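[1] here's my sequence, what's the structure:
(chains A and B)
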Amino acid sequence: MQKAIAEHTGAEMRSRFGWQTPVAVLLILVVGFLVVLPVIFLVEKTFNVGDPLSFPASQYGTGNLLSLFTEDYDIILNTIYVALMATVMAIFIGFTMAWILTRTNIPGRERLERLMEVPYYMTPLVGALAWAVLAAPKSGFFNQAWHSVGGKSDLFDIYTLFGIAWVMALFEGTVAYVMISASMKSMDPALEESARVMGASKLRTTMTVTLPLVLPGVLGATLFVFAEMLGSFAAALVLGIPGRIYVVTTSIWSTVEAFPPNYGKAAAMGLSLFLVMVAMLGFYRWIVSRGSYATITGKAFRPRPMDMGRFAWVLFSICLLYILLAVILPVGALLLTSFQTFATVILSQAQFTLANYQEALALGPVRGALFNSLMLGVAVASIGSVVMAVLVWIIYRSTLPGRGAVEYLAMFPSSVPRLVFGLGLLWAWINMPGGLYGTLWLLGIAYFTVLLPLGVRTIAGVVLQVDKSLEECARVCGASWGYQMRTVTLPLLKPGIIAAWMLLFAASVREVGASLLLMGPHSKVIGPSIVSTWANSGTQLTAAMALIQTFIVMLALIILFHVTRDTKKEMQ
Amino acid sequence: MSSRDSSTTRIEVKDLVVRYAGDVLAVNGVGFTVGRGEHVTLLGPSGCGKTTTLRAIAGLEPPTGGSISIENRTVYSAKDRINIPAEGRGVSMVFQSYAVWPHMTVFDNVAYGLRVRKQSAADIKANVERALDLVQMRHLAERAASKLSGGQQQRVALARAIAFSPTVVLFDEPLSNLDAKLRGEMRVELRELQSRLGITSVYVTHDQEEALAISDRVIVMNVGVIEQIGTPEDIYNRPRNRFVADFVGSANLIKGRVIGKSVEGRVAFEAEGGHLLQATAPAALTGRETEVAVRTAYIGIGEAQAHDNTLPGTIRRRMFHGDFIQYVVDCPAGVMIVRRPPTNQIEEGAKITLSFPPEFCVVLEA
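    This next block holds a predicted model:
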């Protein structure tokens, strides 16, 4: 009897873990392969001082690395300067906006909070194009207007280190706002209220309680943003190339595109950048995990906003100014340009036309790129959201050993600049049999890999909200693992999976960094095509393409917003 | 109580050990049995291992040692490497968070276990309605589960747990999220439901009042081990050790020493300050006992009967609690807390004589 039960149980255990384990192992192997392989090739190329096209290298050495510090001194300085400037501006803007929008009672707060997300979704590429239209020397709208009222020299020149940093801060720095406002929102208002009750004034409370509590959050955001800025690419490409200003990322790109390409040096730059970013992000995580963040409880409070009286309108104007600089002016400039035959802000001279849009939608290569991007977006989002959902389940809900390693693997691509990842993938797949190089398949693989952190984080947010006992209860009711997944887990995860789908789709359509080096003549996608149109054709066509891309991304995000809002309502 | 006929034993837990990652011993050698139709409560402070024990019985927490059998079927045994997953154990459970699925209607929630068991549509309907009737929720059957109040969710969770007629139901602090008044009502309902359906149940709570009120037997746990098993009256009247006396109900602990040997369970106890008390010694004495426990409710003021223990004292503080009045009394043996009905108030500073019968003056294990 006992033995029969034991055998019966053995079978049950096999059936329970029987297909969870192979699925998990397979996923770990595939993800590990995708994530680690490019890095291996990056390291190999860095130390390959022999024939650059042979693998494994015929000769190893540190020549490539050492040459960085002898030949490319100015590039390193440029990179640090741009990243520092951009970080300072981004943190300043982020802190100001976060404080205004979370702690004060200015009018229209909810709507302004929504608008704060727009610059991020516009992408730095589109932002850089728009600001090139606005503030390029001579032809920029600001300078045109200035000349037309009698100004002599140019007012602005965006093709400078400061211009690059400015655009990066505006369009990539929003992450600083998100992080700082999160740390402000997660602070228990009772901490401030008790200071007020003890007799402290508003100012004193801010200085002695609010600031010290928020400071670690700001410090964390600073490190994080700085690491992001080091690996930033699109703004430096669009605004740096005309003035021959290079940072590390753009110089990797030009080293690979040059003839003859210097792969060893590109790899050495990529690897160095990667290591610096890993160090920065490691430092960031160390600071966050030290646990001095008594304020960050994960619980979101809505702190009682301070009454600003008339001063509220001043703060409101500051918000509007930001929205003007980061949303209204850039979008307006692109819109205006895209409907003109020649970009001008002097409306009396303007010639309006629809030709740019017709060209963008009819021109073979452009239309092809758009179609490819949409197809890739749908494919990556569909396959990615399902695979990532299973990954998230393995990481957070299974009891399988090694799930911590899976989480690490899935998050790994976030510390590698996209362009560098593309570089590693390029060599990895040139050396692989199967002929994937130059096809959409390779782009799909690259997108999936670089978007892993985004998808996993999005779905994990929902998984962690689903109370574990909802699943356990199904098991106790007698449901098998599969039945439980089908009837309880997946229906509850639906909003998260839809959100991940939309975000992955949007991120695929706007991808530039990884695509640039992996795109082949028969596998063009929209992001890099915008860059090359910018370099080779007119501003007007580029503006039309950028707006089409932005429109598609926005559409996906609006759908996402409505879907998640509806399901949230449903669940409450 | 301990030697139960195996045919009436529903659950048997032997030497259960649960070790968490990082070598934390959550449950350290727990063993007990639950008889047919019996309502047993695991009681203890948070972190005592009671919920872990319950989850191990359900199959939700993998133990590291010992064995568990339900209905004479071994569902877990470290020695024989048996571990039947939760869905194969045939028990039912009510979760602390209710775990009512928000994406289903009340009906679908309650029907879940029946659908898993592939009952016919007619049976499902009949059984769901029967279960919903029992918790007076039938009129809300088609309501979305996300639109229920806390008390209603609690009832749905209960209906779902009993709908597929399980013989064993596990309760993980099911009332802890309800407000005090509703909790009191639900206790009565639970107790009635339990005796009407003849369900065998294991119940986990940290609320000693709840444990005493609804259980046939109470198991008091602390830091992963069992401190005492007994009927509610047993636990309350004859606490075995300091932890039980302190955690369950409210008791005065008087320090002192046992004098002489126990005669028919009675023993003389010399309290600090020199007063001699007659005490009850439920367990065999080892000679190292140094405390007796006297429940605050069992102490009279100025109403001593023959054979009662008496202690002189002065009332230092009187506090009105509504249902009772609490006196803080300075005695030679230390400070005593006394709870009396609020009918007859005694002034602060009054010199009084405390009295309590020997059977409620219990020698605690050292």
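
[2] and residue 160, how many neighbours?
    Here I'm looking at chain A. Per other C-beta atoms under 10 Å in any protein chain shown, the neighbour tally for A:Thr160 reads 17. Any C-beta I mention is one placed from the backbone N, CA and C, and that applies to glycine too.

[3] that's the wrong chain, I wanted chain B
    Using other C-beta under 10 Å, the number of residues around B:Arg160 comes to 31.

[4] SS state for it?
    helix (DSSP: H, G, I helix; E, B strand; the rest coil).

[5] same check on B:Ser67?
    Using three-state DSSP, the structure places B:Ser67 in strand.

[6] who's in contact with it?
    Listed by C-beta atoms under 8 Å, 6 or more residues apart in numbering or on different chains, the contact set of B:Ser67 reads B:Glu12, B:Val13, B:Lys14, B:Asp15, B:Leu16, B:Thr74, B:Tyr76, B:Ser77, B:Ala78, B:Lys79, B:Asp80.

[7] closest one of these to A:Val366?
    B:Tyr76 (64.9 Å; C-beta to C-beta).

[8] the helix or strand the closest one falls within and chain A in contact?
    Using DSSP states H and E, B:Tyr76 sits in strand B:73-77. Yes - applying C-beta under 8 Å from any C-beta of the partner chain, one finds strand B:73-77 touching chain A at B:Arg73, B:Thr74.

[9] list the strands paired with that strand, with their directions.
    If you go by DSSP bridges, strand B:73-77 pairs up with strand B:65-70 (antiparallel), strand B:82-83 (antiparallel).

[10] just to revisit the earlier point, of the contacts of B:Ser67, grab the buried ones for ChimeraX.
    Buried subset of the contacts of B:Ser67, written as a ChimeraX selection, criterion 16 or more other C-beta atoms under 10 Å in any protein chain shown:
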select /B:12,13,14,16,74,76,77,78
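
[11] returning to what we had before: B:Ile315: which of the strands paired with strand B:73-77 is closest?
    Closest to B:Ile315 of the strands paired with strand B:73-77, according to C-beta to C-beta: strand B:65-70, at 50.9 Å.

[12] ok now that closest one, how far from the chain's centre?
    21 Å (C-alpha atoms, centre = their mean, to the nearest Å).

[13] near chain A, which residues of the stretch 101-250 of chain B show up?
    Residues of the stretch 101-250 of chain B lying near chain A (C-beta under 8 Å from any C-beta): B:Trp101, B:Pro102, B:His103, B:Tyr112, B:Gly113, B:Val116, B:Arg117, B:Ser146, B:Arg160, B:Phe164, B:Leu170.

[14] of these, closest to B:Val30?
    Closest approach between those and B:Val30, by C-beta to C-beta: B:Leu170, at 14.9 Å.

[15] number of nearby residues for A:Lys152?
    A:Lys152 is flanked by 6 other residues according to other C-beta under 10 Å.

[16] could you report the pLDDT at it?
    In this model, A:Lys152 is scored at 80, pLDDT.

[17] ok, it to chain B distance?
    67 Å (C-beta to the nearest C-beta, to the nearest Å).

[18] against A:Arg244, how distant is that residue?
    Distance, A:Lys152 to A:Arg244, by C-beta to C-beta, to the nearest Å: 25 Å.

[19] and for A:Val178?
    Going from A:Val178 to A:Arg244 by C-beta to C-beta gives 34 Å.

[20] what about the two, which has more around it?
    The neighbour comparison of A:Val178 against A:Arg244 (other C-beta under 10 Å) goes to A:Val178, with 15 against 8.

[21] the spatially most central residue of chain B: what secondary structure?
    Of all residues in chain B, the one closest to the mean position by C-alpha atoms, centre = their mean is B:Ala211, 3.3 Å from it. Counting by three-state DSSP, the backbone at B:Ala211 sits in helix.

[22] so it touches B:Ile219, yeah?
    No - using C-beta atoms under 8 Å, B:Ala211 and B:Ile219 do not qualify as a contacting pair, with a distance of 9.1 Å.
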